[in-house]
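Novice: Need coordinates for the following:
(2 chains)
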Protein chains: 2
Amino acid sequence: MSQGKKSVRELDAIDLHTHVYLPRYMDILRSRKDVPFVRPGVGGERLVILPAEQEQVERQGDVKDVGISAGRPIGGEYWDVENKLRYMDRHGIRTSVLSLANPWLDFLPLEEQIRQAALLNDDMEKLCQGSDGRLLAFGVVPQNSQTAVNEVKRLASELPHVRGVILSTAGLNGKGLDDPDMLDFYREMDRAGLTIFLHPHYGVGNEHYKKYGHALILALGFTFETTVAVSQLVLSGLLDQVPDTLRLLLAHSGGTLPFLAGRLDSCVAHDAAIAEKLQHAPSVYLKRFYYDAVAYHEPALQCLIDFVGADKIVFGTDHPFFPPPEENKQNEEGNQDLSDLDWTSTLTNYEIMANMSAEVQCAMLRSNAKKLLGI
Amino acid sequence: MSQGKKSVRELDAIDLHTHVYLPRYMDILRSRKDVPFVRPGVGGERLVILPAEQEQVERQGDVKDVGISAGRPIGGEYWDVENKLRYMDRHGIRTSVLSLANPWLDFLPLEEQIRQAALLNDDMEKLCQGSDGRLLAFGVVPQNSQTAVNEVKRLASELPHVRGVILSTAGLNGKGLDDPDMLDFYREMDRAGLTIFLHPHYGVGNEHYKKYGHALILALGFTFETTVAVSQLVLSGLLDQVPDTLRLLLAHSGGTLPFLAGRLDSCVAHDAAIAEKLQHAPSVYLKRFYYDAVAYHEPALQCLIDFVGADKIVFGTDHPFFPPPEENKQNEEGNQDLSDLDWTSTLTNYEIMANMSAEVQCAMLRSNAKKLLGI
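Specialist: Coordinates of the predicted model:
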């Protein structure tokens, strides 16, 4: 993988962490004035999905003479399937398992969520059907556990390209993954053999990041959020009431859990009231889960392998986030097609595997994903 | 190290993360009614240092008939130097570098902090002087950068056993480590060749932990706190204005930084406004620091070694926190001397080194600490 572009293109990877803002979803975002929304900006559209970004828009607005717009510049890489396929071809990705990006549907009234979830899942199924086997998907569910179970049943029986559901850390009732009302959803997902792809959006510790743009909310706030939500789930004891075959995939290599698992075990062991409620130490549950390899440096990926085993790790890119940084500026002027460029963030996630055995690389790039999603 | 107790006792380790509540500090805590404070409880004294613990005390009080007291049971292991030495003998620790435990002095008015810091540092020096070479110390400084600089100068010239300063993530003015007023302190510490031992207390994400006792604030809140504070310091650019010889030791294996360093680099690289202010990528600064080996499982310690190198890692125990869990209950009845017992938390931090080379073990157990502190 360090041998140059040719070998990257031949990798035939399966990408389990790759987002798309479906056209129907873009229309919703374009119709809104509050976060999340899409607005016109200098040189192209801007996406505003984090509350901190909305503050930036209100403070800064457009400064046309220096070509600056608040919000994140977006182009076809966010919604255009042809763009995604060109990016895939360039970066050695045979199959992408698409998911809607954060914040999904949680800003809509429940009735509208139910309606849009079904429409978006149908859109996703059609997109995949027409892709000649290049695309699969994680669907979305309305943020209510009862209606979510109904949509899961429909996904399982009617939408064969949808192999799981992307879920926010808020869970289905806004009360977190440790809400006992989540049990039916976990059980239904397990029964259907579908995968929960857990993804952050809200951040933890956000009050500390404001001076530093998006860097710390994305680097720390997102990874802390996954860590907290999954720790709450584990410590709640709910997993003792769900089959251990439940397929849970954690974004961004599990946040910080592979590193903190030992400390979490120790802190639980020293708090008898918590420990007594659980059948196992926290790390036993954590080792059941799947993790993407979106880790950005080798020590973290190796830690993940040492902790959970290479057979629980799947390749991911987080496309179209973290675009080629320098070319980003060109985009402000010309809205250039970013799929023509090498994405450093993607290449980094290949590079960090380069010292590992061919067997381990193959497992993470392809075979684990095939097993997990029944490809 | 996995060969049993005899070999543990022969290790001759240097413990850089080991706390003491000096008798003078205990008196302050016993005189208080608000967190932090020490109160009488069933079977012995209780320490209340976290706001969440105070709520527990107010809710629960004492339930004498079932032998429960709110707060953390404490005995001589918290203040008695003879107890510390017995624990050290039993666990193969030749030298302990003592530090006052959180929350240090930050609850006192500044004038009182200045007075108590000097008295406590003098107490610490005397304690070490009488220990036949077994004890060294990190001192405390008042939470004000100007007076802290004065105390650092006094430590360097008058208290030879005090080899550094334990510092909270709030920094010296309550505005964090990235407060530009910290610069004089960093420069004076570097000039004096003294080490800053950075330690958490306040927690990050505390609103998420309440259902789960102390387990999550200690496992996640503390490690997130260190991660946030050091990331702020790095992204502020202040380190470009301080010699790169500044000795900064991060508690609990750097929180989560060794795992997240790659993601932090990537997020900074994608935020031009932040990246342009810095001479280096964040990980370059992080690799200058020292980290303790208080990691509780091998994947995390290995990640730390892979990231920063074995020559920047020093052994630590976090004694007297995380006492032997089962024996803890005996303490509620009989206030038993815990130094007579094997401390699982300490043994775990030995065990996680067991598969590493003798050279790496020796570096982490002894030689790195000698170089760092001039022992």
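Novice: For residue A:359, see how far away the residue nearest to residue A:312 when sequence neighbours are not counted is.
Specialist: With sequence-adjacent residues excluded and distances taken as CB to CB, 6 or more residues apart in numbering or on different chains, residue A:312 is closest to residue A:290, at 5.1 Å. All C-beta spots, glycine's among them, are computed from the backbone N, C-alpha and C. According to CB to CB, to the nearest Å, residue A:290 and residue A:359 sit 18 Å apart.
Novice: Between those two, which has more neighbouring residues?
Specialist: With neighbours defined as other CB atoms under 10 Å in any protein chain shown, residue A:290 and residue A:359 compare such that residue A:290 has more, 24 against 10.
Novice: Can you pull the phi/psi pair for that one?
Specialist: Torsion angles at residue A:290 (phi, psi; degrees, to the nearest 10) stand at phi -110, psi 150.
Novice: Pairing partners for it in the sheet, please.
Specialist: Beta bridges link residue A:290 to residue A:249 when assigned by DSSP bridges.
Novice: Report the spatially nearest residue to residue A:361, omitting neighbours in sequence.
Specialist: In this structure, residue A:361 finds its nearest non-sequential neighbour in residue A:353, 5.1 Å apart by CB to CB, 6+ apart.
Novice: So the residue nearest to residue A:312 sits against residue A:372, correct?
Specialist: Yes: between residue A:290 and residue A:372 there is a contact at 5.9 Å, judged by CB atoms under 8 Å.
Novice: beta partners of the most centrally placed residue in chain A?
Specialist: Against the mean C-alpha coordinate of chain A, by CA atoms, centre = their mean, the closest residue is residue A:199 at 4.6 Å. Beta-bridge pairing for residue A:199 (DSSP bridges): residue A:168.
Novice: Repeat that for residue A:96.
Specialist: In this entry, residue A:96 is beta-bridged to residue A:15, residue A:135, by DSSP bridges.
Novice: Give the burial count for it, as a bare number.
Specialist: With other CB under 10 Å as criterion, residue A:96 counts 28.
Novice: what pLDDT does it get?
Specialist: pLDDT for residue A:96: 98.
Novice: who touches it in this structure?
Specialist: The neighbours of residue A:96, taking CB atoms under 8 Å, 6 or more residues apart in numbering or on different chains as the test, are A:14-15, A:18, A:84, A:88, A:134-136.
Novice: now those in TSV, with pLDDT and neighbour count?
Specialist: Shown next, in TSV, are the contacts of residue A:96 (pLDDT from 0 to 100; neighbours: other CB atoms under 10 Å in any protein chain shown):
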residue	pLDDT	neighbour count
A:14	98	25
A:15	98	28
A:18	98	26
A:84	97	27
A:88	97	23
A:134	98	16
A:135	98	22
A:136	98	24
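Novice: farthest pair in those?
Specialist: Spatially, the most separated pair among the contacts of residue A:96 is A:14 and A:84, at 14.1 Å (CB to CB).
Novice: Apart from its neighbours in sequence, what residue is nearest residue A:294?
Specialist: Closest residue to residue A:294 apart from its sequence neighbours, by CB to CB, 6+ apart: residue A:316 at 4.5 Å.
Novice: so the spatially closest residue to residue A:247 that is not a sequence neighbour bridges to which residues?
Specialist: Once flanking residues are discounted, residue A:247 sits nearest to residue A:195: 4.1 Å by CB to CB, 6+ apart. When assigned by DSSP bridges, residue A:195 has beta-bridge partners residue A:164, residue A:247.
Novice: tell me, how many neighbours does residue A:195 end up with?
Specialist: 24.
Novice: That one touches residue A:371, doesn't it?
Specialist: No: taking CB under 8 Å as the definition, residue A:195 is not a contact partner of residue A:371, at 10.9 Å.
Novice: Next up, the contacts around residue A:21.
Specialist: A:29, A:47, A:74, A:78-79, A:100-101.
Novice: What about those, which are in strands?
Specialist: In strands, judged by DSSP state E, the following of these are found: A:47, A:74, A:100.
Novice: partners of the nearest residue to the second one once chain neighbours are set aside in the sheet?
Specialist: Distance criterion CB to CB, 6+ apart; nearest residue to residue A:74, sequence neighbours excluded, is residue A:47 at 4.6 Å. Beta-bridge partners for residue A:47, by DSSP bridges, are residue A:38, residue A:72.
Novice: Tell me who's in contact with residue A:47.
Specialist: Taking CB under 8 Å, 6+ apart, we find residue A:47 in contact with A:21, A:29, A:36-38, A:71-74, A:78.
Novice: how about residue A:98, what does it touch?
Specialist: A:18-20, A:84, A:124, A:127-128, A:135-138.
Novice: Show the backbone phi and psi for residue A:159.
Specialist: Dihedral pair for residue A:159: phi -120, psi 80, per degrees, to the nearest 10.
Novice: From what I see, it and residue A:118 are in contact.
Specialist: No: taking contacts as CB under 8 Å, residue A:159 lies outside contact range of residue A:118: 9.9 Å.
Novice: In CSV, list the C-alpha atoms belonging to the helix or strand residue A:98 falls within.
Specialist: Here residue A:98, judged by DSSP states H and E, is contained in strand A:93-100. Output of strand A:93-100 as CSV, limited to C-alpha atoms (Å, rounded to 0.1, in the frame of the first residue of the first chain):
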residue,chain,number,x,y,z
ILE,A,93,-12.7,0.6,-3.2
ARG,A,94,-14.8,-2.2,-4.8
THR,A,95,-17.9,-1.8,-2.6
SER,A,96,-19.2,1.0,-0.5
VAL,A,97,-21.8,0.6,2.2
LEU,A,98,-23.4,4.0,2.1
SER,A,99,-25.0,5.6,5.1
LEU,A,100,-26.8,8.9,5.5
